[in-house]
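Asker: Turn this into a structure:
(one chain, ligands or ions: 1)
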Amino acid sequence: MSKTLIRGAKVLGGEPQDVLIDGETIVEVGAGIEAGDATVVEADGKILLPGLVDLHTHLREPGREDSETVLTGTRAAASGGYTAVFAMANTFPVADTAGVVEQVYRLGQEGGYADVQPIGAVTVGLEGKKLAELGAMHESAAGVTVFSDDGKCVDDAVMMRRALEYVKAFGGVVAQHAQEPRLTEGAQMNEGVVSAELGLGGWPAVAEESIIARDVLLAEHVGSRVHICHLSTAGSVEIVRWAKSRGIDVTAEVTPHHLLLTDEMVRSYNPVYKVNPPLRTERDVMALREALADGTIDIVATDHAPHPHEDKDCEWAAAAMGMVGLETALSVVQQTMVETGLLTWAAVADRMSVKPAEIGQAKGHGRPVSAGEPANLTLLDPAYRGVVDPAGFASRSGNTPYEGRELPGRVTHTWLRGRATVVDGKLA
Ligand SMILES: NC(=O)N[C@@H](CC(=O)O)C(=O)O
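Answerer: Numbers count the residues shown, from 1 in each chain. Got it, this is the predicted structure:
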């Protein structure tokens, strides 16, 4: 069994401490721990966090291995400091059966870079017509607890009600992609001043907000648990805040890009900024940051959506929606939330590891950095400044909106159950 001593790390941003890992487990946390025969990693005041957990990743396998695979996606995850990712169901075939979710789960285990917890589709083929075999996916070896038609909204209220009733039986959760389809037909970007000026079809905030309002009420009625994917408007924040004040069992996520970018970027007509839900306004960005800070929004989730060049390097209207995010998420959160004084590093650990692990029931992840816990850890250098270059990404796709932009911070080490997956900023 190999031992590692992380020396002088600011655990959750606190005072420097030593952390000793033996095999898969943290065995000691304190000052002046003897290295003995352990491999020593000099942390020099870098920040040590529990391994990050992403509740919303598109790994594209099976079916679109030209944009990402479970292996390349989990390598990207490890590079970004993640030790567990939840893989969305919009693959080909769709992850709507025990067979597909077991395959994705197994590929994650074989890769060994991050634990992959498959998300099951809510409806067969994401078509919104017939409930998928939620129970069979839950009872499979993959043990699915999160269900989502992400990419598509479960827009039929009866279908959503049935799904909420079904998952209640085993403590699962439905993660809704909130987008009223009729209100977004032909939509290309956020509906507002910029869409009017550019003459692009607008995507109104109400298309998101009306579904969230309906679904928190359905969750209350059924007494079940709903999670809102990639919340993007100030109005959505108000609805979730109201629902939580009523005691409704709702959780919500925000993506890094919605914490930083606005619809002004679309003026470039560069499809790298085309994403679902669309980039909104400065006012929305500020409301999302505040909501993440005060806990109305529970977590940051990447919505890592890799696409190959052919699907992005084309005219705006024809381009696919989505951007990669796993390898830049922590940097964007550092810039938008930590350097603005909105979140401490301990709160970042809560929003990017503890809470997402709780919502998705990722066993062994999001745990305290203390003796007896699984050694799922990430070490980051917050003083680092670097320009984003997708050529250096582990992801198979490079559709990042941050290319050429300077972002703070860098993950130098990631450990998955005591085994280093990233060493000195490079994949092990
Ligand atoms: N977020 C995105 O813009 N794209 C997602 C699906 C989706 O949520 O539309 C994808 O799978 O590419």
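Asker: Just the pLDDT at Met1, thanks.
Answerer: Looking at Met1, its pLDDT is 65.
Asker: ignore the last one, Glu191
Answerer: 98.
Asker: Hmm, it is touching Ala205, no?
Answerer: Yes: using CB atoms under 8 Å, Glu191 is in contact with Ala205, at 7.3 Å. Every residue, glycine included, has its C-beta placed from N, CA and C.
Asker: List the beta-bridge partners for Leu52.
Answerer: Tyr82 (DSSP bridges).
Asker: Sketch out the low-pLDDT regions of this protein for me.
Answerer: 1 (pLDDT under 70).
Asker: The stretch 101-250 of the chain: strands as residue ranges?
Answerer: Listed in chain order, the strands of the stretch 101-250 of the chain (DSSP state E, counting those that start in this stretch) span 115-118, 146-147, 173-176, 189-190, 202-203, 226-228, 250-254.
Asker: Quick check: phi and psi at His56.
Answerer: phi -150, psi 90 (degrees, to the nearest 10).
Asker: Enumerate the residues of this structure near the ligand.
Answerer: 58, 90, 150-151, 177, 275-276, 303, 305, 321-322 (CB under 6 Å from any ligand atom).
Asker: Pick out the most distant pair among those residues.
Answerer: Asn90 and Val275 (14.6 Å; CB to CB).
Asker: okay, those two: which has more neighbours?
Answerer: Taking other CB atoms under 10 Å, Asn90 and Val275 do not tie; Val275 has more neighbours (24 against 21).
Asker: wait, the more buried one sits on Ala320?
Answerer: No: under the criterion of CB under 8 Å, Val275 makes no contact with Ala320, lying 9.6 Å away.
Asker: residue boundaries of the helices in the stretch 1-150 of the chain?
Answerer: Remark: helices assigned in the stretch 1-150 of the chain by DSSP state H, counting those that start in this stretch are 70-79, 98-111, 134-139.
Asker: Pick the most buried one from those helices.
Answerer: helix 70-79 (a mean of 28; mean count of other CB atoms under 10 Å).
Asker: Could you pull up the residues touching Leu126?
Answerer: 89-90, 94, 96, 149, 151-152 (CB atoms under 8 Å, 6 or more residues apart in numbering).
Asker: 7 Å instead, please
Answerer: 90, 94, 149, 151-152 (CB atoms under 7 Å, 6 or more residues apart in numbering).
Asker: out of those residues, who's nearest the ligand?
Answerer: The ligand has its nearest neighbour among those in Gly151, at 3.6 Å by CB to the nearest ligand atom.
Asker: how many neighbours does the closest residue to the ligand within the stretch 1-150 of the chain have?
Answerer: In the stretch 1-150 of the chain, the residue that lies nearest the ligand is His58 (4.5 Å; CB to the nearest ligand atom). Neighbours of His58 under the rule other CB under 10 Å: 27.
Asker: before we move on, back to that, could you point out which of the helices of the stretch 1-150 of the chain sits nearest Pro62?
Answerer: Using CB to CB, the nearest of these to Pro62 is helix 98-111, at 6.8 Å.
Asker: which helices and strands sit right next to that closest one?
Answerer: helix 70-79, strand 115-118, helix 134-139 (3 or more CB pairs under 7 Å, 6 or more residues apart in numbering; DSSP states H and E).
Asker: please redo it, this time with the cut-off set to 10 Å
Answerer: helix 70-79, strand 82-87, strand 115-118, helix 134-139 (3 or more CB pairs under 10 Å, 6 or more residues apart in numbering; DSSP states H and E).
Asker: between that helix and helix 70-79, how many degrees?
Answerer: 50 degrees (axes from the mean of the first three to the mean of the last three CA atoms, to 10 degrees).
Asker: Tell me how this structure divides into domains.
Answerer: Under the assignment automatic domain parsing, the domains of the chain span 3-47+373-427, 52-360.
Asker: Tabulate those (JSON lines), appending distance to Gly366.
Answerer: What follows is the domains of the chain, written out as JSON lines (distance: least, CB to CB, whole Å):
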{"stretch": "domain 3-47+373-427", "distance to Gly366": "8"}
{"stretch": "domain 52-360", "distance to Gly366": "3"}
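Asker: Please identify the deepest-packed of these.
Answerer: Comparing the domains of the chain by mean neighbour count (mean count of other CB under 10 Å), domain 52-360 ranks first with a mean of 21.
Asker: Let me see the contact set for Thr184.
Answerer: 153, 191, 201-204, 207-208, 276-278 (CB atoms under 10 Å, 6 or more residues apart in numbering).
Asker: one more time with 7 Å
Answerer: Taking CB under 7 Å, 6+ apart, one finds 203, 207 in contact with Thr184.
Asker: Would you quantify the distance from it to Asn276?
Answerer: 9 Å (CB to CB, to the nearest Å).
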